[in-house]
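Colleague: just to be clear, the model below is a prediction. Sequence and coordinates:
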Amino acid sequence: MMKITRRLLTLPIAVVVCAAVICMVMLGFWQLDRMHEKEQRLASIAQKSADGAMTLRELDPRREDIRDFLVGFNGKADTEKLLYLDNQVENGQVGYDVIVPVVSNEGIVLVNYGWVKAPLFRGTLPAVDIAPGFQHFHGRINVPSENPVVRETLSLEAPFPAVIQALDIGFISRLTQMKVAPFVVELTAPAQSNFVRNWQPVVMPPQKHLGYAIQWFGLAVAAAVVSYFSFRANNKG
């Protein structure tokens with residue numbers, strides 16, 4: 001009778017352990033999928049970099065993934081509509097990415113000039129030096145993805161320069177009253193010393209995802225083995 005009772009008590013524990021092991025195995029395979037995605041992305045970046053810069057007109061988001069393409073175009077920065085992307089961290093320091101609409105013959109493009117350090121007092125914005133004249137721009141395409149955690153709180157009636165919380169193309173179009181292209185150009189030229197341009201399209205390398213996958217698989221095996229011997233000992237008792 002005691003053995004039957006003991007087995008009935010261990011049944012819910014066994015179910016929980018099985019569910020935990022399955023979850024860990026699934027997390028391991030998810031990390032492997034992420035590893036393969038990063039490998040493909042890095043290969044794509046290398047290929048697109050080798051192809052050289054293209055014009056904005058050659059970009060076709062409906063036909064292909066335009067992320068990471070190098071582009072070159074001529075235009076004029078609208079310095080009256082500066083945008084400061086908030087909560088950007090560089091080397092442990094908090095600051096802003098400076099986003100500027102650039103009017104070109106191929107449309108209006110949002111250009112990320114780079115990172116600037118935030119002033120000591122939250123109520124002030126860092127001064128930036130942006131040439132207002134017609135010039136040549138060169139950079140890499142970034143297609144912002146929606147962040148479900150970050151929500152824009154800025155009013156559409158807010159004055160410029162404005163602090164934004166996310167690269168929401170639709171919101172920026174309404175805020176600036178401009179029909180901007182559905183991507184951002186991360187600027188590489190012209191060079192400007194007051195901006196930090198440490199662009200990292202792939203933040204976590206594939207090797208880290210492989211390491212995490214091995215850890216999850218190892219935890220699953222360890223949990224299964226420990227549980228097996230624990231249940232076996234209890235049943236013998």
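Modeller: Arrived safely.

Colleague: and the most centrally placed residue in the chain, what's its pLDDT?
Modeller: The chain has Ser145 as the residue nearest its centroid, 7.1 Å off, counting by Cα atoms, centre = their mean. On pLDDT, Ser145 comes in at 79.

Colleague: again, but for Pro190
Modeller: In the prediction, the pLDDT value recorded for Pro190 is 78.

Colleague: got the contact list for it?
Modeller: By Cβ atoms under 8 Å, 6 or more residues apart in numbering, the contact set of Pro190 is 131, 135-138. Heads up, the C-betas are built off the backbone N, CA and C, glycines and all.

Colleague: same thing but 10 Å
Modeller: The neighbourhood of Pro190, defined by Cβ atoms under 10 Å, 6 or more residues apart in numbering, consists of 113, 131, 135-138.

Colleague: can you check Tyr113 too?
Modeller: By Cβ under 10 Å, 6+ apart, the neighbours of Tyr113 are 77, 82, 97-100, 102, 128-130, 137, 139, 185-187, 190, 192, 194-195, 197.

Colleague: list the buried residues in stretch 160-179.
Modeller: Under the neighbour-count criterion of 16 or more other Cβ atoms under 10 Å, stretch 160-179 has 161-164, 166-169, 172-173, 175-176 buried.

Colleague: may I see those organised as TSV, with secondary structure added?
Modeller: Rendered in TSV, the data for the buried residues of stretch 160-179 read as follows (DSSP: H, G, I helix; E, B strand; the rest coil):
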residue	secondary structure
Pro161	coil
Ala162	strand
Val163	strand
Ile164	strand
Ala166	coil
Leu167	coil
Asp168	coil
Ile169	helix
Ile172	helix
Ser173	helix
Leu175	helix
Thr176	helix
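
Colleague: confirm Leu110 sits in a strand?
Modeller: Yes: secondary structure assignment (three-state DSSP) places Leu110 inside a strand.

Colleague: just give the nearest non-adjacent residue to it, would you?
Modeller: Setting aside the residues directly before and after it, Leu110 is nearest to Val184 in space (Cβ to Cβ, 6 or more residues apart in numbering), at 4.7 Å.

Colleague: the strand or helix carrying that neighbour pairs with which strands, parallel or anti?
Modeller: Following DSSP states H and E, one finds Val184 within strand 180-189. Partner strands for strand 180-189, per DSSP bridges, with pairing direction: strand 107-117 (parallel), strand 134-142 (antiparallel).

Colleague: quick check: which helices or strands does the helix or strand that contains Val21 pack against?
Modeller: In the assignment (DSSP H and E), Val21 maps to helix 2-51. Contact analysis of helix 2-51 by 3 or more Cβ pairs under 10 Å, 6 or more residues apart in numbering; DSSP states H and E lists strand 70-77, strand 134-142, helix 206-236 as its packing neighbours.

Colleague: including distance to Gln31, could these go into a markdown table?
Modeller: As requested, those are exported to a markdown table (distance: least, Cβ to Cβ, whole Å):
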| stretch | distance to Gln31 |
| --- | --- |
| strand 70-77 | 30 |
| strand 134-142 | 24 |
| helix 206-236 | 4 |
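
Colleague: quick one, which of these is nearest to Thr153?
Modeller: Ranking these by proximity to Thr153 (Cβ to Cβ) places strand 134-142 first, at 22.7 Å.

Colleague: and the closest one with helix 2-51, angle?
Modeller: With axes from the mean of the first three to the mean of the last three Cα atoms, to 10 degrees as the basis, strand 134-142 and helix 2-51 are set at 150 degrees to each other.
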